[in-house]
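**Student:** Got a predicted structure here, sequence first:
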Amino acid sequence: MFRKNSELIVLLLVLAAVLLLMLAVNGPSFFSLGNIQSMAFQLPELGILSLAMMITMLTSGINLSIIASANLSGIVMALILSALVKPETSPGAVIAIVLLAILAGAVTALLIGLLNGWLIAVLDISPILATLGTMIMVGGIAIVLTKGYVLSGFPPALLFIGNGMILGIPVPILIFALSAGLMSLILSRTPLGAHIYLFGSNPTACFYSGVDNRKVLIRTYVISGLYAGIAAAIMIARFNSAKADYGESYLLLTVLASVLGGVSAAGGFGRVSGLVVALVILQIISSGLNLMGISNFLGIAIWGIVLIFVMIIKYVIDQRQLKGRTA
Amino acid sequence: MKKLASRHETYVFIVILIFSIVITAINPTFFSLENMFDLMKSYSLMGTFAIGVLVVLIGGGIDISFTATATITGYTIAVLLLRNGESLNIFSVFLIAGGIGVLLGMINAAIIHFFEIPSIITTIATLNIYYGLLTFFSTGKWLYGFPTWFGDFANLYVFKLTNAKGGSYGFSVITLIWFGFILVGWLMLRYTVLGRSIHAMGGNLASAQRAGFNILRLRLFIYGFMGLMAGFASVIQALLVQTVAPNSLVGKELDVLAAVVLGGASLTGGTGTMIGTLLGVALIAIMSNGLTLMHVPSFWYKVVIGLVILISVGSSAYRRKRTSSQKLIIEMNE
């Protein structure tokens, strides 16, 4: 119990420190409505992709194919939209087509997740290799479908997902809040969630307590794929385009965000709340530097430094507790 | 013979053989010496990275940061070459790049060792730190216009031949350097106490520790060696393209990992061979070259590579499963 909370406390302290620092260098403009709104537009992409990464890391796996899945399902959405939406289509029909496109994108993401789950659970391939293979293959299919070009020009109904606001709150952050809430529910309130944690801590014990390990793994990767599909809708709506190699730099950053948020790379530990705090920390750093007119690359370097710093603090705390117990 | 049939390398070799026959049947230029020499020259970059990745994997770790390390070493030598290129020679360039690489690799090792942070997490963090800092300070500027001796060295050949059109080609000195690294790596892994200790550490960390191996020193070595190879690879990259760009290498780390894994190295440590790694790189090289020569549109390339990786890891997982269930049966019969 203490361990769980101590992690969240460390994260919140880091959050407070980062916030104070950015406030000190940027002044009150950091808290302006415009800045907060722009942060709320930027966070969800990495956020939802990190949720997709997190759930697989809880089972001591990893999903390297999330970005490729997101791009492919984004491309499927884009292809359907550009094939069906014509200038003369009525607004009502456009909305129906947008929904259909999103559904098709979600099915694509789901199928990729199913493939990953099958490779990992049934064929017994290690997650990093299986998803490395699907990452390259799915990325390849995306290139084949688009011939490497950018697909762009979407109807306003879709763009609303990425750029719209409801009562002054950006739609992407609402979708992120829903996704995070749902993930939190799955993990803490359903049998599947309990099985995911159990499998992550000890697959053998999980098996002998009567859990169908294969089912747990397949469902985990299907959910991960679906979250990549949600991220896809936001990504293509924000960029107003789809392409085979968007957001490739996000891949390792989702691992970074998850680990920063307290997800153990060995599996079994980590909560959505930690991940959300971690994402806010990362977003504050990058927005703060952006306000100062500093290149985003310094931000990425600082993200890495913060991760190692937090891991070192955790290590020190763990060591102390270990000593306390043996003494 | 039976031993040969059970080895992963044999399967990779057979796959390469089949691919080569098919490609040659469709386009005979594939099997020309000229094409082979060109391939070996251009894949010496990936091949050099792969040597380092193999050593880290055998030692039970993983390193994602090597492309960022190579970006830093490549940029450093590029700046030095532009400032006082005439006072440098090829040895000092390799030495400087390798030295910085070793240092950056050892930083990884120290973080992994002293704070018990998993190697994949540590190196994802340092990848971002190294790459972010370099791109920030260099402002992403491309560097080119190196001294003439640097360009001349890249065009040195061990021996030269003339093709039908009168152009010349040959066995590049860059390929020779890469083969030199392979030889050293192979000897080190196979015939030295150090190499065997790395296998021991990767096979079972706790046992190696109890048996008295100095884990810190071994880790410093494997990640330092990875850094050394990254540094050397950055010189090869600079020689090959005569331009150093901060964004040309980062993002390729998983491709190299895929090649090494195709060659049979295991991510759980302890297993993997230099021959296998060489075959893994060769497989990737031949497939991409072959698709071009067979006039398959280049965007199919990744689909094929992905499929080959999935089939390869799938079949070796299947074989492993079968042997382990056979073992179980034998144990039960006894």
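**Tutor:** Okay, I see it.

**Student:** Please identify which residue in the stretch 101-250 of chain A comes closest to chain B.
**Tutor:** With CB to the nearest CB, the shortest gap between the stretch 101-250 of chain A and chain B falls at residue A:137, namely 2.6 Å. All C-beta spots, glycine's among them, are computed from the backbone N, C-alpha and C.

**Student:** what's in contact with stretch B:247-258?
**Tutor:** Contact with stretch B:247-258 is made by A:64, A:132-133, A:135-136, A:248-249, B:46, B:49-50, B:53, B:62, B:64-68, B:70-71, B:74, B:127, B:131, B:135, B:140, B:234, B:237, B:241, B:284, B:305, B:309, as judged by CB atoms under 8 Å, 6 or more residues apart in numbering or on different chains.

**Student:** In space, what's closest to the residue of the stretch 101-250 of chain A closest to chain B - neighbours in sequence excluded?
**Tutor:** Of all residues not flanking residue A:137 in the chain, residue B:306 sits nearest, at 2.6 Å (CB to CB, 6 or more residues apart in numbering or on different chains).

**Student:** Quick check: that neighbour vs residue A:122, distance?
**Tutor:** Taking CB to CB, to the nearest Å as the measure, residue B:306 falls 19 Å from residue A:122.

**Student:** okay, residue 221: pLDDT?
**Tutor:** With no chain named, the answer covers chain A. For residue A:221, the pLDDT comes out at 95.

**Student:** actually it's chain B I care about, not the one you picked
**Tutor:** 96.

**Student:** Could you pull out the buried residues of the helix or strand harbouring it?
**Tutor:** Element membership for residue B:221, per DSSP states H and E: helix B:215-241. Neighbour-count burial for helix B:215-241, counted by 16 or more other CB atoms under 10 Å in any protein chain shown, picks out B:218-239.

**Student:** quick revisit: now, which of the contacts of stretch B:247-258 lie within helices?
**Tutor:** Filtering the contacts of stretch B:247-258 for membership in helices, criterion DSSP state H, returns A:132-133, A:135-136, B:46, B:49-50, B:53, B:66-68, B:70-71, B:74, B:127, B:131, B:135, B:234, B:237, B:241, B:284, B:305, B:309.

**Student:** In ChimeraX, how would I select the buried members of those residues?
**Tutor:** One line in ChimeraX is enough to select the buried ones among the ones in helices among the contacts of stretch B:247-258; burial here means 16+ other CB under 10 Å:
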select /A:132,133,135,136 /B:46,49,50,53,66,67,68,70,71,74,127,131,135,234,237,284,305,309
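
**Student:** so who does the nearest residue to residue B:239 once chain neighbours are set aside touch?
**Tutor:** Of all residues not flanking residue B:239 in the chain, residue B:154 sits nearest, at 4.2 Å (CB to CB, 6+ apart). For residue B:154, the contact set (CB under 8 Å, 6+ apart) comprises B:174, B:239, B:240, B:242.

**Student:** if I look at residue B:154, how far off is residue B:208?
**Tutor:** For residue B:154, the distance to residue B:208 - CB to CB - is 42 Å.

**Student:** got it, and residue B:318?
**Tutor:** On the measure of CB to CB, residue B:318 and residue B:208 end up 30 Å apart.

**Student:** who's more crowded, these two?
**Tutor:** Set side by side, residue B:318 and residue B:208 show more neighbours around residue B:208, with 22 against 13, by other CB atoms under 10 Å in any protein chain shown.

**Student:** Tell me the pLDDT of that one.
**Tutor:** Reported pLDDT for residue B:208: 91.

**Student:** Was I right to think it contacts residue B:197?
**Tutor:** Yes: using CB atoms under 8 Å, residue B:208 makes contact with residue B:197 at a distance of 7.4 Å.

**Student:** shared neighbours, those two?
**Tutor:** residue B:218.

**Student:** is stretch B:8-19 anywhere near chain A?
**Tutor:** No: against chain A, stretch B:8-19 shows no contacts by CB under 8 Å from any CB of the partner chain, the least distance being 13.3 Å.

**Student:** tell me the mean pLDDT for that stretch?
**Tutor:** What stretch B:8-19 shows for mean pLDDT is 86.

**Student:** Show me what from the stretch 51-200 of chain B comes close to chain A.
**Tutor:** B:64, B:111, B:115-118, B:120-122, B:124-133, B:135-136, B:139-140.

**Student:** OK, contacts around residue A:209?
**Tutor:** residue A:198.

**Student:** Which residues of the stretch 101-250 of chain A lie near chain B?
**Tutor:** A:119, A:123-126, A:128-130, A:132-141, A:143-144, A:147-148, A:248-249.

**Student:** Can you give me the neighbour number for the single nearest residue of the stretch 201-334 of chain B relative to chain A?
**Tutor:** Using CB to the nearest CB, residue B:306 is the residue of the stretch 201-334 of chain B that sits closest to chain A, at 2.6 Å. Look at residue B:306: counted by other CB under 10 Å, it has 23 neighbours.

**Student:** and what of residue A:178?
**Tutor:** Applying other CB under 10 Å, I find that residue A:178 has 12 neighbouring residues.

**Student:** One more: residue A:160?
**Tutor:** Quick note: residue A:160 (other CB under 10 Å) scores 14 neighbours.

**Student:** Okay, strands next: where are they in the stretch 151-300 of chain B?
**Tutor:** All strands of the stretch 151-300 of chain B, identified by DSSP state E, counting those that start in this stretch, fall at B:157-162, B:168-172, B:243-244.

**Student:** Check residue A:62 and give its pLDDT.
**Tutor:** Taking residue A:62 on its own, its pLDDT is 89.

**Student:** count of neighbours near it?
**Tutor:** 24.

**Student:** My understanding was that it contacts residue A:254; is that so?
**Tutor:** No: in this structure residue A:62 lies outside contact range of residue A:254 using CB under 8 Å: 9.8 Å.

**Student:** Pull up the overlap in contacts between the two.
**Tutor:** With CB under 8 Å, 6+ apart, residue A:62 and residue A:254 have common neighbours residue A:53.

**Student:** Return the distance of stretch B:188-196 from the chain's centre.
**Tutor:** 19 Å (CA atoms, centre = their mean, to the nearest Å).

**Student:** So which bits of stretch A:82-99 are buried?
**Tutor:** Buried residues in stretch A:82-99 (16+ other CB under 10 Å): A:85, A:94, A:97, A:98.

**Student:** again with stretch A:313-327
**Tutor:** For stretch A:313-327, by 16+ other CB under 10 Å, it's A:313, A:314, A:317.

**Student:** what's the answer for stretch A:242-261, then?
**Tutor:** Neighbour-count burial for stretch A:242-261, counted by 16+ other CB under 10 Å, picks out A:242-244, A:246-247, A:250-261.

**Student:** same question, stretch A:296-315
**Tutor:** Within stretch A:296-315, judged by 16+ other CB under 10 Å, the buried ones are A:297-308, A:310-311, A:313-314.

**Student:** Could you restrict these to the ones contacting chain B?
**Tutor:** Filtering the buried residues of stretch A:296-315 for proximity to chain B by CB under 8 Å from any CB leaves A:297, A:298, A:299, A:300, A:301, A:302, A:303, A:304, A:305, A:307, A:308, A:311.

**Student:** right, and the secondary structure at the last one would be what?
**Tutor:** For residue A:311, the reduced secondary structure class is helix; criterion used: DSSP: H, G, I helix; E, B strand; the rest coil.

**Student:** That one contacts residue A:259, doesn't it?
**Tutor:** Yes: under the criterion of CB under 8 Å, residue A:311 makes contact with residue A:259 at 7.3 Å.

**Student:** residues shared between the contacts of those two?
**Tutor:** With CB under 8 Å, 6+ apart, residue A:311 and residue A:259 have common neighbours residue B:121.

**Student:** Now do the helices in the stretch 1-150 of chain A.
**Tutor:** Secondary structure of the stretch 1-150 of chain A (DSSP state H, counting those that start in this stretch): helices at A:2-26, A:33-58, A:66-84, A:91-117, A:127-146.

**Student:** Reformat the ones you listed as a markdown table; add mean pLDDT and distance to residue B:297.
**Tutor:** As requested, the helices of the stretch 1-150 of chain A are exported to a markdown table (pLDDT from 0 to 100; distance: least, CB to CB, whole Å):
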| stretch | mean pLDDT | distance to residue B:297 |
| --- | --- | --- |
| helix A:2-26 | 80 | 47 |
| helix A:33-58 | 89 | 29 |
| helix A:66-84 | 91 | 17 |
| helix A:91-117 | 90 | 22 |
| helix A:127-146 | 90 | 8 |
